[in-house]
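Novice: Quick one, structure for this:
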Amino acid sequence: MHPDAVTNVRRALDAAGAEDTVAVFDTAVPTAAAAAAALGCDVAAITNSLVFDLDGAPLLILASGAAKVDVRKVALTLGSGKIRRADPEFVLLHTGQRVGGVAPVGHRNKIRTLLDESLAAHPVLWAGAGDHNSMFSITYKELRRITNAEAMPVR
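Specialist: Next up, the predicted model:
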C-alpha cells in the first residue's frame, strides 16, 4: 500500500467537498475485474484512471472497466496529435500514484481529464483511491465535478 497516495486522494476529496468513501481491501484490486469481484458490482461501473502521453503532457482518461479506450477516436475528437499509453514511470511522475491504483484525483499537479460518457449509465461508480488496495465510490455527476473532466465517448 502507498498510504501517502491514499491520503492525497482523501485530501482531494475533502477539498472538493466530496464525501470520503474510500474503502481499503485486504487484498489488492489492481484491475477492473478484481475490483468488481471484490465490490460485487458490474465491471462497467469500475472507473479506470488511465494516463496517456499527449505530446509529452499527461492526459487522464476516466474510462469504464468494461471499455477499451480508442486513442485514435479521442485524438480526433480533441483535434490533437498522437496519444499513447504512458509508461509506469511517466504515470508515477505526474500522479504520484502507481499504475493499477491511480485515482481520478489527488495528483501532484492538475491533469487534463476526460470522462467516458458510458459511465453515466451507472448510479454508483468505483474508482481507484491511490494504491492497489483502495477504491472509492462516487456518482458520475460528482466525479465530473471534482475532476473538471470533459465528458465524451472514448471507445
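Novice: from here on, contacts and neighbour counts on C-alpha atoms
Specialist: Fine.
Novice: Spatially, what comes nearest to Pro104 if we skip its sequence neighbours?
Specialist: Spatially, and ignoring its direct neighbours in sequence, Pro104 is nearest to Ser49 (5.8 Å; Cα to Cα, 6 or more residues apart in numbering).
Novice: The one you found belongs to a helix, doesn't it?
Specialist: No - secondary structure of Ser49 (DSSP: H, G, I helix; E, B strand; the rest coil): strand, not part of a helix.
Novice: Verify the stated contact: it with His107.
Specialist: No - counting by Cα atoms under 8 Å, Ser49 stays clear of His107, with 11.5 Å between them.
Novice: So for these two, which residue has more residues nearby?
Specialist: The neighbour comparison of Ser49 against His107 (other Cα atoms under 10 Å) goes to Ser49, with 25 against 20.
Novice: What distance do you get for the residue nearest to Pro104 to Thr147?
Specialist: 11 Å (Cα to Cα, to the nearest Å).
Novice: Find the residues that touch each one of these two.
Specialist: Pro104 (Cα atoms under 8 Å, 6 or more residues apart in numbering).
Novice: what ranges do the strands span in the chain?
Specialist: Remark: strands assigned in the chain by DSSP state E are 23-24, 46-54, 57-64, 83-85, 112-116, 125-128, 134-138, 150-152.
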